[in-house]
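S.K.: Let me see the structure of the following:
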Amino acid sequence: MVSQQGTGTSNVMSDMEYNLVTTLSNLLQAHEVLAKYADDADKTGDSDCATIFRTLRDQNAASAQQLRAALGRHLSGGK
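M.R.: Purely as a prediction, here's the structure:
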């Protein structure tokens, strides 16, 4: 049974599917922003900050892959 509280998604998707999709979307948006921030840091000559932003971007990419796998499991009926 699909929960109808919290997300307002009703019978479209479960709360967990919604949470996974939303978090994945946020990470993908952050991925683009962090790449821009790294470029900005490079332009100012701050290689330390550029490295930090690229590290965060790489960590986000790894987390996004985990979320995609979890979403796939949920959409195929597995947990």
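
S.K.: Run through who's touching stretch 37-51.
M.R.: 53-54, 57 (C-beta atoms under 8 Å, 6 or more residues apart in numbering). Where you see a C-beta, it was placed from the backbone N, CA and C, and this is true even at glycine.

S.K.: got these as TSV, with pLDDT, distance to residue 63 and secondary structure columns?
M.R.: Listed next are those as TSV, based on pLDDT from 0 to 100; distance: C-beta to C-beta, whole Å; DSSP: H, G, I helix; E, B strand; the rest coil:
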residue	pLDDT	distance to residue 63	secondary structure
53	98	15	helix
54	98	15	helix
57	97	11	helix
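
S.K.: most neighbours, which of those residues?
M.R.: Ranked by neighbour count (other C-beta atoms under 10 Å), the contacts of stretch 37-51 have residue 53 at the top, with 21 neighbours.

S.K.: what's near enough to touch that one?
M.R.: Counting by C-beta under 8 Å, 6+ apart, residue 53 has contacts 34-35, 37-38, 41.

S.K.: For residue 47, see how far away the one residue sitting closest to the centre of the chain is.
M.R.: Among the residues of the chain, the one closest to the centroid is residue 27, at 2.4 Å (C-alpha atoms, centre = their mean). The gap separating residue 27 from residue 47 is 25 Å, by C-beta to C-beta, to the nearest Å.

S.K.: before we move on, what about residue 75?
M.R.: 41 Å.
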